[in-house]
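A.B. asks: give me a 3D structure for the following:
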Amino acid sequence: MPTNKDIQQKRAEANQLDVTVHVGKQGITDATITELKAQLKAKRLVKVRLLKSATHETSTQEQAEALAAATGTTLVDVRGHTAVFWKA
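C.D. replies: Reported below is the predicted structural model:
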C-alpha cells in the first residue's frame with residue numbers, strides 16, 4: 001500500500017506529464033483498460049483525460065476509481081476531468 005508521501009511525490013511528478021489516454025463518449029471500454037495497462041507497464045505513471053460525455057451518468061471521481069480497480073492501480077489524483085494512475 002503506497003504511503004501519503006509516495007502519493008504526494010507521484011502527484012508532483014504528474015504535473016510534468018502529458019495526457020496519453022483519452023476516455024471518449026463510449027466510456028471505459030476493454031480497449032481503454034488494455035491501453036492503460038500497456039502504458040502503465042511501460043511508464044508506471046499515466047495521465048488520463050475523461051471527456052465530459054464519458055462521465056454523464058457518473059462523476060469523474062467514480063469513473064477514475066472504476067478504472068483504477070479494473071487495472072489494479074493506485075489512483076493518485078483527480079482534477080477536473082483528468083486522472084493520474086500509478087502502478088506501484
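A.B. asks: then V48 would be within a helix, right?
C.D. replies: No. The assignment for V48, made by DSSP: H, G, I helix; E, B strand; the rest coil, is strand rather than a helix.
A.B. asks: neighbours of it, how many?
C.D. replies: For V48, the neighbour count with other C-beta atoms under 10 Å is 25. Heads up, the C-betas are built off the backbone N, CA and C, glycines and all.
A.B. asks: give the closest residue to it in space, chain neighbours not counted.
C.D. replies: V21 (4.4 Å; C-beta to C-beta, 6 or more residues apart in numbering).
A.B. asks: helix, strand, or coil at the one you found?
C.D. replies: Applying three-state DSSP: V21 is strand.
A.B. asks: any idea how far it lies from T3?
C.D. replies: 26 Å (C-beta to C-beta, to the nearest Å).
A.B. asks: all strands of this structure, in order?
C.D. replies: 19-23, 45-50, 74-79, 82-86 (DSSP state E).
A.B. asks: ok, which of the ones you listed comes nearest Q39?
C.D. replies: strand 45-50 (4.8 Å; C-beta to C-beta).
A.B. asks: need the contact list for the residue nearest to V48.
C.D. replies: Counting by C-beta atoms under 8 Å, 6 or more residues apart in numbering, V21 touches T32, E35, L36, Q39, V46, K47, V48, R49.
A.B. asks: try it again with 6 Å
C.D. replies: E35, L36, V48 (C-beta atoms under 6 Å, 6 or more residues apart in numbering).
A.B. asks: and the gap between the residue lying closest to R11 once chain neighbours are set aside and G27?
C.D. replies: Once flanking residues are discounted, R11 sits nearest to D77: 4.9 Å by C-beta to C-beta, 6+ apart. Applying C-beta to C-beta, the value for D77 to G27 is 20 Å.
A.B. asks: what about A12, neighbour count?
C.D. replies: A count of nearby residues for A12, using other C-beta under 10 Å, gives 11.
A.B. asks: for T82, what are its contacts?
C.D. replies: R49.
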